[in-house]
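Enquirer: give me a 3D structure for the following:
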Amino acid sequence: MINEMNKKGLSVRDLITTGVLAALYVVCAFIGELMFGFFPVLTFLCPLSIALICGPVFMLILAKVPKHGPILITGVLVGGVLYVTGMYWLMCLAYVILGIVAELVAGSANFKSRIRNLISYMIFVISPIFSYAMLWINQDAYVKYLVENGTEQAYMDTMIANAHIWVLPAMIVGNLICSFISGKFGQHLLRKHFEKAGVV
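Expert: Numbers count the residues shown, from 1 in each chain. Okay, the predicted model is just below:
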């Protein structure tokens, strides 16, 4: 019974692997953010670029540590880092909550189903949109929070001016398309390269 529990739980090696890959996910997410984040007109593309870049890392996490825990840990790490750097709190919370949901989806097939793993990623990486959605839900609170955390008022004014009614649904659709492409690409890499190299 104890041996069976040890197999199901996270070992020290699993935790180390999870930590390294979660940190890599954070780096990739920041690269996706930096591609458009400095430009208030283009910032709405950030959730798409993040979704497009992070898929292979997410799939590698599931392949290397196919257990409950790593995706939640990744969500907590990403959300924590974003919160410390001044990002809106709702996005940080979304990473944690959707990390739980994503892990349950992938875990429902013991992390072996390519389809459920792909859906898991598409759920997890939609988290950044929860921040941008506040422009339409509670704009004043959103602007106040970000300005108080270091964002320039001129930047926010430009964002607001370009937050057309069609932008949010376009972001959601674009994010889903990009995450699907990236997730499939990540699975392709695992099958064609990592498995041959003995990485997974």
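Enquirer: going along the chain, name the helices of the chain.
Expert: Remark: helices of the chain, listed N- to C-terminal, are 2-8, 12-36, 46-64, 70-84, 89-107, 114-124, 129-132, 134-137, 139-148, 153-161, 167-189, 195-197; assignment by DSSP state H.
Enquirer: want to throw the ones you listed into TSV with mean pLDDT?
Expert: Rendered in TSV, the data for the helices of the chain read as follows (pLDDT from 0 to 100):
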stretch	mean pLDDT
helix 2-8	45
helix 12-36	94
helix 46-64	96
helix 70-84	93
helix 89-107	95
helix 114-124	97
helix 129-132	94
helix 134-137	93
helix 139-148	92
helix 153-161	95
helix 167-189	96
helix 195-197	61
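Enquirer: which of those is buried the deepest?
Expert: Of all the helices of the chain, helix 46-64 has the most neighbours on average by mean count of other Cβ atoms under 10 Å, namely a mean of 24. In this view, the C-beta of every residue, glycine as well, is placed from N, C-alpha and C.
Enquirer: please name every helix or strand in contact with that helix.
Expert: On a contact count with 3 or more Cβ pairs under 8 Å, 6 or more residues apart in numbering; DSSP states H and E, helix 46-64 meets helix 12-36, helix 70-84, helix 114-124, helix 167-189.
Enquirer: state the pLDDT value of residue 10.
Expert: Model confidence at residue 10, expressed as pLDDT, equals 87.
Enquirer: distance check, residue 143 against residue 15.
Expert: Relative to residue 15, residue 143 is positioned 39 Å away (criterion: Cβ to Cβ, to the nearest Å).
Enquirer: next one: residue 157
Expert: Going from residue 157 to residue 15 by Cβ to Cβ gives 44 Å.
Enquirer: repeat for residue 131
Expert: Distance, residue 131 to residue 15, by Cβ to Cβ: 29 Å.
Enquirer: residue 86 contacts residue 92, doesn't it?
Expert: No - taking contacts as Cβ atoms under 8 Å, residue 86 lies outside contact range of residue 92: 10.3 Å.
Enquirer: give me the phi and psi for the spatially most central residue of the chain.
Expert: With the centre of the chain defined as its mean C-alpha position, the nearest residue by Cα atoms, centre = their mean is residue 125, 3.5 Å away. Note on residue 125: backbone dihedrals following degrees, to the nearest 10 are phi -80, psi 0.
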